[in-house]
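In: Turn this into a model:
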Amino acid sequence: MDSQQSRVLVQLRDLILKGEFVPGERLAEIPLAEKLGASRTPVRLALASLEHEGLIEQSPSGGYQMRRFTSQEVADAIRVRGVIEGFAARLLAEDGVSRQLLRDLKDCLEDGDRAVNKPSMEIDDYAAYVEMNDRFHRLILEGCGNLALKRVMDMLGGQPFAAPSAMLPMQSSMEEGQQWMRQAHRTHHAMVQAIERGQGSRAQALGEEHVEIARMNLDYALERPELAAELMPGIRLVAKGRTA
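Out: Below is the predicted model:
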């Protein structure tokens with residue numbers, strides 16, 4: 001894949017996940033090429049890749065259109081992420097974690113502590129937590145050294161609200177948000193402890209349990225669609241239930 005095609009693919013995926021297109025909207029090559037400042041060929045190839053990823057679908061009239069996702073699809077993707085991250089944590093625990101990686105993980109814990117362990121969190125604290133959370137999960141996945149896991153996670157990261165921090169904007173709007181963040185960060189601490197002690201099964205179980213807060217955030221968002229649309233425009237792509 002050349003650089004222009006890669007750039008167009010990243011840009012289109014980002015627009016989709018940000019809710020730029022509504023379900024059923026036709027994704028025509030020429031308007032997209034003009035919007036992205038690209039030629040039609042990389043746009044055509046990017047659309048084919050996005051259909052393969054499951055983000056868009058073929059239109060009955062030809063070409064492609066934006067698809068709708070079910071809440072069950074999103075919940076399933078979040079759960080699979082937990083399985084992947086839990087297994088990555090297990091590999092780190094069983095294979096041994098380097099001193100540098102352990103220091104980096106503990107730096108994340110300290111940054112997270114500073115963000116959540118205060119009477120009330122400001123917007124900068126939420127932003128700091130999101131940055132720390134992304135870094136923490138990336139360190140575990142990359143640190144385990146399993147390229148197959150990383151490829152699967154890259155694919156999941158391209159699905160709506162499946163990435164580690166994708167649902168966090170909802171927590172800034174809810175009364176229980178800081179409490180949920182503290183709970184999630186306590187799990188971060190427990191995961192690092194299990195990894196450091198070589199407790200593979202415990203590390204895996206914690207990784208799988210950790211994503212339950214993201215699934216709770218999803219339920220909260222779907223119960224408050226207007227608020228969710230303000231914080232996460234891409235939620236318009238998600239319909240409640242198992243069928244779109």
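
In: mind listing what the residue nearest the centre of the chain touches?
Out: When Cα atoms, centre = their mean is applied to the chain, the residue found nearest the centroid is A163 (0.7 Å). Taking Cβ atoms under 8 Å, 6 or more residues apart in numbering, we find A163 in contact with 81, 156-157. Backbone N, C-alpha and C define where each C-beta goes, glycine included.

In: switch the cut-off to 7 Å
Out: G157 (Cβ atoms under 7 Å, 6 or more residues apart in numbering).

In: Give the helix, strand or coil label for it.
Out: In three-state terms, and counting by DSSP: H, G, I helix; E, B strand; the rest coil, A163 is coil.

In: any idea how far it is from E25?
Out: Separation of A163 from E25 (Cβ to Cβ, to the nearest Å): 23 Å.

In: Determine the set of other helices and strands touching the helix-or-strand element of the chain with minimal mean pLDDT.
Out: Here the helix or strand of the chain ranked lowest by mean pLDDT, DSSP states H and E is helix 168-171, holding a mean of 77. When contacts are defined as 3 or more Cβ pairs under 7 Å, 6 or more residues apart in numbering; DSSP states H and E, helix 168-171 packs onto helix 177-196, helix 212-223, helix 225-231.

In: Just send those helices back as CSV, with distance to D104 and mean pLDDT too.
Out: What follows is those, written out as CSV (distance: least, Cβ to Cβ, whole Å; pLDDT from 0 to 100):
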stretch, distance to D104, mean pLDDT
helix 177-196, 10, 94
helix 212-223, 23, 89
helix 225-231, 30, 85
